[in-house]
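J.: My questions are about this predicted structure, shown below with the sequence.
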Amino acid sequence: MKCFLFPHADKKDEQRSPKPVSPLSDRAGLTKTGSDSSGTSTVSSSNPTLPTRENSLREFTVADLKFVTRNFSRSVMIGEGGFGCVYWGTIKSLQDPSKKIEVAVKQLGKRGLQGHKEWVTEVNFLGVVEHQNLVKLLGHCAEDNERGIQRLLVYEYMPNQSVEFHLAPSSPTVLTWDLRLRIAQDAARGLTYLHEEMDFQIIFRDFKSSNILLDEDWRAKLSDFGLARLGPAPGSTHVSTGVVGTLGYAAPEYIQTGRLTSKSDVWGYGVFMYELITGRRPLDKNMPKGEQKLLEWVRPYLTDTKRFRLIIDPRLEGKYSIKYVQKLAVVANLCLTRNSKARPKISEVLEMVTKIVEDSSSRNGGKKRQMVPLRSLGASRAEEEKQKKVVLDGGEGGWLDKLWNPKNVRAC
């Protein structure tokens, strides 16, 4: 699902010795103040609510990242979209040079000033924030050469793809209900940190399932901060900005007025919860006409328990408690209140989701929760056929099959 600009009424393993830097943007409210005596760059802002902050990002050259990605070879490409391409690679650990770290290298396409602004925004924000439910930015690269400005970002590698990938009907895996609840909890934790747990507020502005990635333990982390903005200044109720985001997730008041608040992210989170419940995308033109808009489609089913079951993802095959699915839908509805001021804060949402997770767990009588996805029926049959072929051919799939391969790491 792509990002759009909405009109609105109002307004190489032998990298150089890393040199932490932060190319900062006045547009984001931040300015670069230089390095202290230890060589660590610092971040300050014209906004007095933002204190000086350090980052430890590594600075790479294009040559470094060509080596890491085998000259940006398609054989290690793990994602592709309007933003550019993402490649898998390894770099040396700074703590232990004998160890390798798997990374995802995002090479931004040449989209002019907007692409550069998004690159700067990611470095600004991810360079100074750190949380278990945010994808970690490890380093960056910006070089101006005969091919133009080369902009690259180096992230921790997330081997289990995006939530969007696993919710798709064509996915070979099915996220269990227990795992979906934990993903909802993890995502709310990440947003709570951005909105309420720092000395300044960050509004994500592009919260969606393709921007929620899963690590090796299937823990969810928010990714892609290219559209993020600082929250309102003290004494202000909102940020006035051009309206960007993703169709199906953007809050109605933001689309209509361009007034951005943290409650805009809360709306997107509510949409995401219905994705987890139904397994459907917010907008899907491949569905029958009356089912193309997710929120409109689910509305008639919410007040009738018997009919409510009809909107639950059939790939779950009934392996859930209807009681807790309905409770999650109630929380989603609070997030989707048309009056933005009446929506709960994301910390309140997290509290409600955590209660659902705990109640659901205790209902199981202490039985271990299913936190690993299941193979879909179609995938299981395909796997059986593959195994037969392996026996006949005496071989198996290539090493690249094991890599992270979402074609929608970023959908815009």
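T.: Looks like it came in fine.
J.: Run through the strands of the stretch 51-200 of the chain in chain order.
T.: Here the stretch 51-200 of the chain has its strands, by DSSP state E, counting those that start in this stretch, at 53-54, 58-59, 77-81, 84-92, 100-108, 137-145, 148-156, 173-174.
J.: Where does pLDDT dip in the chain?
T.: 1-55, 82, 110-114, 147, 365-368, 376-412 (pLDDT under 70).
J.: Break it down into its domains, please.
T.: According to automatic domain parsing, the chain comprises the domains 12-156, 163-363.
J.: winner for burial among these?
T.: Among these, the stretch with the highest mean neighbour count (mean count of other CB atoms under 10 Å) is domain 163-363, at a mean of 19. Backbone N, C-alpha and C define where each C-beta goes, glycine included.
J.: Just tell me which of the domains of the chain ends up closest to residue 371.
T.: Among the domains of the chain, the nearest to residue 371 by CB to CB is domain 163-363 (5.3 Å).
J.: ok, back up a step: any chance of CSV for the strands of the stretch 51-200 of the chain, columns distance to residue 307?
T.: Converted to CSV, these look like this (distance: least, CB to CB, whole Å):
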stretch, distance to residue 307
strand 53-54, 51
strand 58-59, 54
strand 77-81, 37
strand 84-92, 41
strand 100-108, 42
strand 137-145, 45
strand 148-156, 42
strand 173-174, 23
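J.: for these, which one sits closest to residue 218?
T.: For residue 218, the closest of the strands of the stretch 51-200 of the chain is strand 173-174, at 10.1 Å, according to CB to CB.
J.: Are there helices or strands packed against the closest one, and which ones?
T.: Secondary-structure packing of strand 173-174 (3 or more CB pairs under 8 Å, 6 or more residues apart in numbering; DSSP states H and E): strand 374-375.
J.: Which stretches in the stretch 251-400 of the chain count as helices?
T.: Here the stretch 251-400 of the chain has its helices, by DSSP state H, counting those that start in this stretch, at 252-257, 262-278, 294-298, 305-308, 322-335, 346-363, 377-393.
J.: Tabulate the ones you listed in a markdown table, adding columns for distance to residue 106.
T.: Below are the helices of the stretch 251-400 of the chain laid out as a markdown table (distance: least, CB to CB, whole Å):
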| stretch | distance to residue 106 |
| --- | --- |
| helix 252-257 | 26 |
| helix 262-278 | 22 |
| helix 294-298 | 28 |
| helix 305-308 | 40 |
| helix 322-335 | 29 |
| helix 346-363 | 26 |
| helix 377-393 | 28 |
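J.: Out of the ones you listed, the one nearest residue 196 is which?
T.: helix 346-363 (5.3 Å).
J.: Show me the contact partners of the closest one.
T.: Applying CB atoms under 8 Å, 6 or more residues apart in numbering, the contact partners of helix 346-363 are 178, 181-182, 184-185, 188-189, 191-192, 195-196, 262, 265-266, 269, 321, 324, 327-328, 331, 334-335, 344, 369.
J.: Could you point out the longest helix of the chain?
T.: Criterion DSSP state H: the longest helix present in the chain is helix 177-196.
J.: Centre of the chain to the next helix-or-strand element following that helix, how far?
T.: Using DSSP states H and E, the helix or strand that follows helix 177-196 in sequence is strand 202-203. Put simply, strand 202-203 sits 14 Å off its chain's centre (CA atoms, centre = their mean, to the nearest Å).
J.: Name every sheet partner of strand 202-203 and say whether each one runs parallel or antiparallel.
T.: Paired strands of strand 202-203, with direction, are strand 229-230 (antiparallel) (DSSP bridges).
J.: Please tell me how far the nearest residue to residue 70 once chain neighbours are set aside sits from residue 65.
T.: Of all residues not flanking residue 70 in the chain, residue 76 sits nearest, at 5.8 Å (CB to CB, 6 or more residues apart in numbering). Separation of residue 76 from residue 65 (CB to CB, to the nearest Å): 12 Å.
J.: Repeat that for residue 160.
T.: Residue 160 is 24 Å from residue 65, where distance means CB to CB.
J.: same thing with residue 176?
T.: 37 Å.
J.: Using CSV, please lay out the domains of the chain together with distance to residue 374.
T.: Listed next are these as CSV, based on distance: least, CB to CB, whole Å:
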stretch, distance to residue 374
domain 12-156, 23
domain 163-363, 5
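J.: how about the ones you listed, which one is nearest residue 373?
T.: domain 163-363 (3.9 Å).
J.: quick check, distance from that closest one to the centre of its chain.
T.: Going by CA atoms, centre = their mean, where domain 163-363 is centred and where its chain is centred differ by 12 Å.
J.: Just the endpoints, please. Distance across that domain?
T.: 26 Å (CA to CA, to the nearest Å).
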